[in-house]
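Chemist: Mind looking at a prediction? Sequence and model below.
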Amino acid sequence: MKTIQTRSWLVIAGLMLVMALTRFNHFGSAFALPDASWALFFLGGLYLARLSGAGWVLAALLLEAALVDYYAIAGQGISDWCVSNAYGFLAFAYAALWFAGRWFAPRHTLTGRNLPAVFVVAAVASVTAFVLSNASFFLFSGRYADMGALEYASRVQQYLGSYVAVTLLYVGCVIAAHMLFVLLKGKARSGSHVI
């Protein structure tokens, strides 16, 4: 039981650290990694599904995201264009990612045959989050009173691929690192030496 708690705390610390390091830049640049938030919410649901009362972690990540956004806008001069009456609806988009990870967790084994399913679920969750965040921004931000829904959708759809790709890239990196760790741990236990 103590090992599970230690692992959970390591996962939580990792999620929060990566959020703090990457949330400043949605698409990345030569000097910054792209925002990992979507992947972090999915991975949090996936890796913490067995943690009793893990809802507080979802709330903590939502709070951290808002605090990082506030700091970026107030302290770093990042544009506040996306902060509007619709901002609170991001919680639903992030929760969709979290609960997709939680839903998949009982089916989750890090074997080759299950990996495509992890990516399909993460991709569907990313598309869902994209639709939720953009639909709420269109409906409640007050920035598109003169634009129809179809025109708005045609303008934002160009960003869908990058959001899904970045999410899948981070999810893939974490799962690959996890699989490598499990493999090396298994070899160490069996007495094999890794060169």
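Modeler: Right, received. Where do you want to start? Numbers count the residues shown, from 1 in each chain.

Chemist: For the protein, which segments are assigned as helices?
Modeler: 2-22, 37-47, 55-76, 90-104, 115-140, 149-156, 160-190 (DSSP state H).

Chemist: would you turn those into a markdown table with mean pLDDT?
Modeler: Formatted as a markdown table, these follow (pLDDT from 0 to 100):
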| stretch | mean pLDDT |
| --- | --- |
| helix 2-22 | 86 |
| helix 37-47 | 96 |
| helix 55-76 | 91 |
| helix 90-104 | 96 |
| helix 115-140 | 94 |
| helix 149-156 | 88 |
| helix 160-190 | 88 |
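
Chemist: okay, these in CSV with mean neighbour count and distance to residue 84 next?
Modeler: Just so you know, the C-beta spots here come from the backbone N, C-alpha and C atoms, and that holds for glycine as well. Putting the helices of the chain into CSV (neighbours: other Cβ atoms under 10 Å; distance: least, Cβ to Cβ, whole Å) gives the following:
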stretch, mean neighbour count, distance to residue 84
helix 2-22, 14, 21
helix 37-47, 27, 18
helix 55-76, 15, 12
helix 90-104, 21, 11
helix 115-140, 18, 7
helix 149-156, 13, 14
helix 160-190, 15, 19
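
Chemist: Adding distance to residue 83, write those helices out as TSV.
Modeler: Shown next, in TSV, are the helices of the chain (distance: least, Cβ to Cβ, whole Å):
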stretch	distance to residue 83
helix 2-22	17
helix 37-47	15
helix 55-76	7
helix 90-104	10
helix 115-140	10
helix 149-156	17
helix 160-190	18
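
Chemist: my guess is residue 133 contacts residue 87, does it?
Modeler: No. Between residue 133 and residue 87 there is no contact under Cβ atoms under 8 Å: 9.8 Å.

Chemist: who touches both of these two?
Modeler: Common neighbours of residue 133 and residue 87, using Cβ atoms under 8 Å, 6 or more residues apart in numbering, do not exist here.

Chemist: Out of the helices of the chain, which gets nearest to residue 82?
Modeler: Checking the helices of the chain against residue 82 by Cβ to Cβ gives helix 115-140 as the closest, at 7.3 Å.

Chemist: Measure how that closest one sits relative to helix 149-156, angle-wise.
Modeler: Relative orientation of helix 115-140 and helix 149-156, computed by axes from the mean of the first three to the mean of the last three Cα atoms, to 10 degrees: 130 degrees.

Chemist: for helix 115-140, packing partners?
Modeler: helix 37-47, helix 90-104, helix 149-156, helix 160-190 (3 or more Cβ pairs under 8 Å, 6 or more residues apart in numbering; DSSP states H and E).

Chemist: Give me the helices and strands touching the shortest one, please.
Modeler: So that's helix 149-156. helix 115-140.

Chemist: So what's the gap between the helix it packs on and the chain middle?
Modeler: 10 Å (Cα atoms, centre = their mean, to the nearest Å).
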